[in-house]
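Chemist: Starting from these lines, generate the structure:
(one chain, ligands or ions: 1)
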Amino acid sequence: MRTFKASPLIYSITVLCLVFLINIDFLNAFDPFESKRKIMIERDIKGRGVKDIRVLNAMARIPRHLFVDENLRDRAYADHPLPIGEGQTISQPYVVALMTEALKLKSTDRVLEIGTGSGYQAAVLAEIAKEVYTIEIRKSLADRANQRLTKLGYNNIKVKHSDGYFGWEEYAPFDAIMITAAANHIPPPLLKQLKEGGRLILPLGSTFYYQTLTLVTKKKDGTIKVEQMGPVAFVPMIGEIEKKR
Ligand code: SAH
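Modeler: I've put the predicted structure just below:
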């Protein structure tokens with residue numbers, strides 16, 4: 001009789017635990033990295049001029065250490081890029097914040113990212129915008145990022161293994177586009193898939209040395225406004241773009 005009474009209770013507790021376990025806030029309550037994350041926000045992001053509260057809140061919430069290998073977790077909140085395998089890197093926190101802020105996202109926006117990598121930048125975008133579509137050309141990275149983002153509960157992110165040069169026609173047009181690999185020109189299909197009034201940010205220039213962080217706004221009359229935001233160093237975009245050098 002006692003066993004019979006206890007089972008629905010045990011069942012409810014199990015269900016509750018499962019619901020909580022996939023919630024980032026729950027994970028953060030037990031997170032030994034919380035203080036490192038706060039320092040990162042204050043010193044490297046706010047301290048260097050990023051003001052957008054939505055960007056600051058997103059990055060204060062996301063467990064960045066879960067986007068790198070276990071042996072690099074201690075360094076996940078330092079302000080530099082880190083290796084994520086296949087010779088690729090997760091961008092430094094300040095650059096992630098700067099690029100996200102520049103897109104001036106609204107909560108209703110649909111965003112395309114080229115270069116999923118670890119999935120961290122996609123998570124930052126997904127905390128602010130409504131839907132995020134992200135494309136990664138290296139299959140192993142695309143698969144790992146997809147699994148990681150699903151595990152963290154991001155059901156507003158779609159990951160695709162493909163060459164981002166061609167964008168994602170099926171879900172176009174996008175309110176904003178971010179390219180997180182160095183490109184020597186803006187892929188025309190991406191400009192085409194950007195809404196009028198939309199913003200596109202990318203590291204533009206030499207794919208081997210430094211690039212200029214460049215913000216492109218597609219104005220209502222169809223013309224383009226270009227703003228240069230300073231030097232950056234990203235890993236090169238590969239695939240179709242290399243044929244057009
Ligand atoms: N945004 C990532 C870091 C990007 S590193 C993060 O938050 O972790 C740049 C990524 O762009 C690499 O993973 C690389 O494989 C990918 N990439 C390079 N060329 C690409 C292309 N043509 N299409 C899609 N992804 C590409």
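Chemist: Next up, the contacts around the residue lying closest to Leu194 once chain neighbours are set aside.
Modeler: Nearest residue to Leu194 in three dimensions, chain neighbours excluded: Lys218, at 5.0 Å (C-beta to C-beta, 6 or more residues apart in numbering). Glycine gets a C-beta too; all of them are placed from N, C-alpha and C. By C-beta atoms under 8 Å, 6 or more residues apart in numbering, Lys218 lies in contact with 191, 194-200, 224.
Chemist: how does it look with 6 Å?
Modeler: 194, 196, 198 (C-beta atoms under 6 Å, 6 or more residues apart in numbering).
Chemist: From what I see, the first one and Leu200 are in contact.
Modeler: It refers to Leu194. Yes. The pair Leu194 / Leu200 is scored as a contact, 5.4 Å apart, by C-beta atoms under 6 Å.
Chemist: bridging residues for the residue nearest to Leu194?
Modeler: Here Lys218 sits in beta bridges with Ile224, going by DSSP bridges.
Chemist: So which bits of the longest strand seen in the chain are buried?
Modeler: Ranked by residue count and defined by DSSP state E, the top strand of the chain is strand 194-205. By neighbour count on 16 or more other C-beta atoms under 10 Å, the buried set for strand 194-205 is 194, 198-205.
Chemist: Adding distance to the ligand, write those out as JSON lines.
Modeler: Shown next, in JSON lines, are the buried residues of strand 194-205 (distance: C-beta to the nearest ligand atom, whole Å):
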{"residue": "Leu194", "distance to the ligand": "16"}
{"residue": "Gly198", "distance to the ligand": "19"}
{"residue": "Arg199", "distance to the ligand": "17"}
{"residue": "Leu200", "distance to the ligand": "15"}
{"residue": "Ile201", "distance to the ligand": "12"}
{"residue": "Leu202", "distance to the ligand": "11"}
{"residue": "Pro203", "distance to the ligand": "10"}
{"residue": "Leu204", "distance to the ligand": "14"}
{"residue": "Gly205", "distance to the ligand": "15"}
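Chemist: and of the residues you listed, the nearest to Ala123?
Modeler: Of all these, Ile201 has the smallest distance to Ala123: 17.1 Å, by C-beta to C-beta.
Chemist: thinking that closest one is in contact with Met178, fair?
Modeler: Yes. Taking contacts as C-beta under 6 Å, Ile201 lies within contact range of Met178: 5.3 Å.
Chemist: Next to the ligand, which bits of this structure? Give me the list.
Modeler: 84, 88-91, 114-115, 117-118, 120-121, 135-138, 141, 163-165, 180-181, 235, 237-239 (C-beta under 6 Å from any ligand atom).
Chemist: what do you get if the cut-off is 5 Å, keeping everything else the same?
Modeler: Selection of the chain residues close to the ligand by C-beta under 5 Å from any ligand atom yields 88, 90, 115, 117-118, 120-121, 135-138, 141, 163-164, 180-181, 235, 237-239.
Chemist: name the element the most centrally placed residue in the chain belongs to?
Modeler: Nearest residue to the geometric centre of the chain (C-alpha atoms, centre = their mean): Gln121, 1.5 Å. Using DSSP states H and E, Gln121 sits in helix 120-128.
Chemist: Contacts for that helix next, please.
Modeler: Applying C-beta under 6 Å, 6+ apart, the external contacts of helix 120-128 come out as 54, 58, 62, 67, 90, 96, 100, 105, 111, 113, 116, 132, 134, 154, 156-157, 180.
Chemist: just for this structure, where's the confidence low?
Modeler: 1-6, 9-11, 13-29, 245 (pLDDT under 70).
Chemist: What are the boundaries of the helices in it?
Modeler: Remark: helices assigned in the chain by DSSP state H are 2-21, 24-29, 34-39, 53-61, 93-102, 120-128, 139-151, 188-192, 240-243.
Chemist: can you put these in TSV and add distance to Lys46?
Modeler: Shown next, in TSV, are those (distance: least, C-beta to C-beta, whole Å):
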stretch	distance to Lys46
helix 2-21	30
helix 24-29	19
helix 34-39	10
helix 53-61	6
helix 93-102	9
helix 120-128	15
helix 139-151	26
helix 188-192	31
helix 240-243	34
